[in-house]
Each structure stands twice: as structure tokens, then as C-alpha cells.
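J.: predicted model, plus sequence, below.
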Amino acid sequence: MKIYLSFTIAASKMFFRRKSSIFWSLFFPVVTMLVLGNAGFIGYSAPNVGLFSTTENETIDELKSSKSITIREYQSKDNALEALEKGTLSALITLNPDSEIIVTTREGDLAEKEVVENFVFKIINQDADPVSYVTSEIADMNYQGYKGFIVPGIAAMAIMQNGIFSVVFTLLSYKNQGVLKRLKAAPISPSHFIVGHLISRVSIIILQTFILLLMGVFVLGVSVGQGSILAWLNILFLSFLGGILFLAIGLAISSLAPNEDSAPALANLVTFPMLFLSGVFFPIDFLPTIISYISNLLPLTHLAEGIRLSALYGNSTFTTIPQLGITFAWLAVSFFICAISFKWE
Amino acid sequence: MEMIKVMNLKKNYDDFEAVRGIDFNVNEGEVFGLLGPNGAGKTTTVEILEGLIEPSSGTATIANLDVVKDSKNVKKMIGVQLQSVNFFEQLSLYEIIELFATLYSSSINPDLILERVDLKKKRGSYFKTLSGGQKQRLSIAVALVNSPRVLFFDEPTTGLDPQARRNLWDLIKSFQKEGKTIMLTTHYMEEAEELCDRVAIIDEGKIIKIDSPSNLIDELTKSGFKSQKKIKDATLEDVFISLTGKSLRED
């Protein structure tokens, strides 16, 4: 026990004494988050308008064939509203059987409201459909714009980067320099060192997640956790689980890499696609079907989604169980790879 | 008493035979040298004794403990300096010694050990800031945390300047005075001559000869060998040391 503790303390000291580790795990994600969060990305969700219809008529076909606005059809109004809340839609058009057309937008999205209403009026006029009438509806929902999206996204990204690279660079360099060999000559199992290193890194990853989220709260004005202790606890739990997962993936990469030079390349090969396919910087809802299958298999997708649900909507652990399932599956795969192929020298 | 016993030790890597059945004993309190060219099997032999590599066949014991079956107890009793000396770069020397003391469940005061290898002044410095000779001395300091009965040094002076090398020789001699058993590998013959009570000459995984340095030299000269170079009473290194002084330069 004392040995684990000594290694954990030593690994933590080394982390904070290395400028590059502070840069990559704290400074870089904080700056990225603040820059992207402030940029606001106008039009990040604007072109997508949802359509929910309980009836069949020509207006639907007209709406769908429009080139100026991308229409996504929904089978249930709840799903459509959820997409509106998540920011994947900028407005929702609902067609009722009694010829009522409702344009739903989020509070404060006046431009979206105007654009979509005008669009609907135009189509009705073209069709000379005097029966239909348009009503507006403001959805009462907690939508925080792009900064609300990017803050949990960057927090998840930072967990992945710190987890994978701290193993691939740090552990591998100890291995190559022969530091691990010297530990092997001591009357302990070198796994003490690996475990100590992992405990230290998981703690740092949790700290890093909270620093990023608090920066989001105090600098970008994003509301995180929605006043729910359970949501914050779930973020803590997800950071812990995500930290372990990506550290294990880092170990698996180090085990599989044929030599020391190929390990960082392999790590980049693993992390790079996830940055773009896992909903860190932009929502993945409208990716082409095949790519969205891939996205849904990636661990970062579920970590980002889990943290986002807790941060923005106050979800607790029990409502993020689907996300946890995939994470555990990846953990099992990574541990299996480490167990069969990790070498100390 | 025979401290180290090696019997018909072999180590194969795939189809390469690194060590091809060697036997030797090292007595308690003796400085025993393993001499040989690169790739002769010196490091493999030492690392088997240190419990880092498992032999393919044969046995080796230290203080009657089998190095494979009783590896953990052997490791507790020996001090190890590996050929490539590297420690955690962002830890201070004090922290490194403290960490290793924990690994050996030793409660020794790190400052006393640093004093012993003349690194007390550097106790707060990070490992990466040390010179080559200082790194070697730290590595020896780490080998001392468990007050070992047997010390292994694998090419301890390779790449050091003459001052640093002589300083290390003095240190190794002081361990011998304390009655520790020492096994060292080197390619420097003058080092072996200076330090070793007996040496084993090893080549291509086999021991060719074991004896004391002076017996080996006598044997060669008796056979009619004449050195082409006239042996003088001093070497160029003696000249160098007398001109530049014995004090260490890195500090």
C-alpha cells in the first residue's frame, strides 16, 4: 500500500514539474474551449429544421424539396424537441391535421424564428393554400448555444488526450530509458509503478475536468449541472471512468506498437478521428448513416454525450447508462489487449 | 564462503546462444570481474543473477538462494547498478533515494547515502541535470538503499573522464573494505587489474579463464610473451591525473 502511495505521489510530482504536461492537459484545452466558446459559431445549427407531421399533404413535399433549408423529418414530437434542445435543430415545424402549422423556436432565437416563418409563409403562398395558418411557439428549454456544447465536449476531449498521451509518452519513455528495468530489479512487482502512475493520472484527469467545467461556468457563463448534485457526481464518475478507459487504451497502444517511434503515431491515429467523429466540436446527429454507426461505437462519443447530458440537462448516473455500457465494453477490450501483450522492457 | 554460485548457466534468445553453459563461484568479500568484449554475455549473466532475466537452463544462487525460485529474497539482499543508468527525470535525488528506499522497505536516511557518494550538495537537483559521473554515483547510491551484502556493477565507468573513474574506483574499494561481495563487468583491463581479486574472461557466451589478474599476467609472460611496448612505471593516465588533479570536475 505504501509503495502504491509513493509511486502515486512521485508520478503526480513529475506531472506538475513537466511544463509540457501542464501545457497539453490544462492550458491547451482551456484556450481551445475559450476561443471556440467565444467565437459562438454563428450558423452552427441554423440550416437544420425539424419537421413533424401527423398528416399527409402537399405542403410536406414542398417543405422537404426546399433547397434553402435542410429539413429533417421526425417520427415523434418529443424526439424533435429534444433535438431542438440539444441544438441540432434550430427550429421545428409541426403540421397538424387541422391545417395548423406550428413553428417552434427556442427563446431568444429571433432570427431563426423569422427565417423559418417566412419560409413557411412562402410555401403556403406558392401553393395558394388558404386553409393553412401558421402559429408560433417558443419552446421553454435549456439551450445554451455553442458554448454550452463545446464546454463538455472539450472536457471529454481533454480526458482522452491526457489519458492516452500520458501513457504513450510518459510510460513509454520510462520503458525505453530503462527506468522500468531498474524498478524490476527491486523486490516489488513493477505493476506497483503502473498502478501508482494510473492512480495519479486519473486524479489529475478528474481535476482537469473540473477546472475546464468551472472555466466554462465562470468565464463563458455556461450553466453546468443544473443545480443537481447527482449530475456533478456523475461528471466525477464519468471523468474517473473515462480516465481509466483512455489510460487503458494508451497502455494497449503502447503494447501493440512495434517500436517506440510508432507508438505516438498510433496514438494519433486513434485520437484524431475521434476528435471529429465523437461530437466534441460539433453534433454528430447529421453525419452520414455509415459514419454515424462508427461514431456510436467510439468511446469518446459516449463520454462526451454522458458529460454533456449531466452538464447541460442535469442527468444523473442512471440516465446515462447506455453511455456507460459502451465505455465498459471498451475498457474490457483494452484491458484484454494489455493483459496479453504488455512488456516491461 | 561462496556467496555466488553459478552452475552450467545457459541463456538462449530464439536461435542465438547468449550464454553457453558457464560455471563460476564468487567468494564472500571478493571483488569479482567479468571481462569480455561487447556481446560476450557479461550483461546477460549479471542480469540473470539480478533476477531480471530467466535463464534457459542451469542454476545460480546468491547466499544459497536460487535466483529464479527465490527471486524476491535475492533482490532484497543485493544492490544493483544497471548498465543504462536512468531514473525519473523530474524527481530530485533525495526523492529518488526516498522512493527506492520505500521499494526496499528500508528506513535509511537518504542524506546519509547521498553523502556517501558525494552528492549531498545535489540532493534537491533533478536527475536530468546531473553529469554522467554524477548519474553513475546516484545509481550506486540507489544500489545502497537496502544495505546490500552483494553489489552488482555493470560497466560502471564507461564514458566517464579519468577523475570520475578514479573517484568511482575509490568508492568501490570502500565497499570491499566493508566486506561486501562485488561483481562487476568492464572492458577496461586497468580497471579490472586495479579492483578485482579475481576475474573471469568471457567470450561468445563461454568462460575462457578464471584467475587473479596477476596470476593471469604471470602465466602469459611465462609462456614467453613480450609486450611490444616498453612498460613504464607510470601510465599516461597517471600523468593526466597528476597534471589535472584528482578533484571531480562536474560539480
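T.: Received the coordinates, thanks.

J.: use CA for all of it now, contacts and neighbours both
T.: Will do.

J.: quickly find the element holding the residue nearest the centre of chain A.
T.: In chain A, the residue lying closest to the centroid (CA atoms, centre = their mean) is A:Ala304, at 2.3 Å. Assigned by DSSP states H and E, A:Ala304 belongs to helix A:299-313.

J.: is it true that the residue nearest to the centre of chain A touches A:Ser278?
T.: Yes: assessed by CA atoms under 8 Å, A:Ala304 is found in contact with A:Ser278 at 7.3 Å.

J.: near chain B, which residues of chain A show up?
T.: A:2-3, A:6-7, A:10, A:13-14, A:17-18, A:174, A:177-179, A:181-182, A:184-188 (CA under 8 Å from any CA of the partner chain).

J.: and the pLDDT for the residue in the stretch 151-251 of chain B positioned nearest to chain A?
T.: The stretch 151-251 of chain B approaches chain A most closely through B:Phe152 (11.2 Å), counting by CA to the nearest CA. We have a pLDDT of 97 for B:Phe152.

J.: likewise A:Pro47?
T.: 64.

J.: same thing with A:Phe27?
T.: For A:Phe27, the pLDDT comes out at 90.

J.: any idea how far it lies from chain B?
T.: As defined by CA to the nearest CA, to the nearest Å, A:Phe27 lies at a distance of 20 Å from chain B.

J.: what's the answer for A:Lys77, then?
T.: Per CA to the nearest CA, A:Lys77 is found 57 Å from chain B.

J.: cool, A:Ser278 as well?
T.: According to CA to the nearest CA, A:Ser278 and chain B sit 35 Å apart.

J.: now swap in A:Leu298 and tell me
T.: From A:Leu298 to chain B the distance is 34 Å (CA to the nearest CA).

J.: re the thing from before, just the buried residues of the residues of chain A next to chain B.
T.: Among the residues of chain A next to chain B, those buried by neighbour count (16 or more other CA atoms under 10 Å in any protein chain shown) are A:3, A:6-7, A:10, A:14, A:174, A:177-179, A:181-182, A:184-188.

J.: what residue is smack in the middle of chain B?
T.: Note: chain B centre (CA atoms, centre = their mean) maps to B:Phe153, 1.7 Å.

J.: name the nearest of the buried ones among the residues of chain A next to chain B relative to A:Ile123.
T.: A:Met14 (64.7 Å; CA to CA).

J.: helix or strand for that closest one, which one?
T.: Counting by DSSP H and E, A:Met14 is found in helix A:2-17.

J.: mean confidence for that helix?
T.: Taken as a whole, helix A:2-17 carries a mean pLDDT of 92.

J.: what packs against it?
T.: In terms of contacts (3 or more CA pairs under 8 Å, 6 or more residues apart in numbering or on different chains; DSSP states H and E), helix A:2-17 is packed against helix A:19-22, helix A:191-218, helix B:93-103.

J.: what is the subsequent helix or strand relative to the first one?
T.: Next along the chain after helix A:19-22, taking DSSP H and E as the criterion, comes helix A:28-39.

J.: from the contact counts, what lies against that following helix?
T.: If you count contacts as 3+ CA pairs under 8 Å, 6+ apart, helix A:28-39 packs onto helix A:145-165, helix A:191-218.

J.: export the ones you listed to TSV and tack on mean pLDDT, distance to A:Asn234 and mean neighbour count?
T.: Converted to TSV, the helices and strands packed on helix A:28-39 look like this (pLDDT from 0 to 100; distance: least, CA to CA, whole Å; neighbours: other CA atoms under 10 Å in any protein chain shown):
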stretch	mean pLDDT	distance to A:Asn234	mean neighbour count
helix A:145-165	92	13	26
helix A:191-218	93	12	20
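
J.: format these as a markdown table; extra columns: distance to A:Glu260.
T.: Below are those laid out as a markdown table (distance: least, CA to CA, whole Å):
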| stretch | distance to A:Glu260 |
| --- | --- |
| helix A:145-165 | 13 |
| helix A:191-218 | 18 |
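
J.: related to what we said a few turns ago, residues in contact with the helix holding A:Ala304?
T.: If you take CA atoms under 8 Å, 6 or more residues apart in numbering or on different chains as the criterion, helix A:299-313 is touched by A:142, A:144, A:148-149, A:152-153, A:155-157, A:160, A:223-226, A:231-232, A:234-235, A:238, A:242, A:274, A:277-280, A:295-296, A:315-316, A:320, A:323-324, A:326-327, A:330.

J.: hmm, 7 Å instead?
T.: Here helix A:299-313 makes contact (CA atoms under 7 Å, 6 or more residues apart in numbering or on different chains) with A:152-153, A:156, A:223-226, A:231, A:234-235, A:238, A:242, A:274, A:278-280, A:295, A:315-316, A:320, A:323, A:326-327, A:330.

J.: pull out the buried members of the residues you listed.
T.: Among those, the ones that count as buried by 16+ other CA under 10 Å are A:152-153, A:156, A:223-226, A:231, A:234-235, A:238, A:242, A:274, A:278-280, A:295, A:315-316, A:320, A:323, A:326-327, A:330.

J.: these in helices, which ones?
T.: A:152-153, A:156, A:231, A:234-235, A:238, A:242, A:274, A:295, A:323, A:326-327, A:330 (DSSP state H).

J.: dump the residue contacts of B:Leu171.
T.: Counting by CA under 7 Å, 6+ apart, B:Leu171 has no contacts.

J.: can we see that at 10 Å?
T.: B:Leu171 makes contact with B:116-118, B:137, B:140, B:165, according to CA atoms under 10 Å, 6 or more residues apart in numbering or on different chains.
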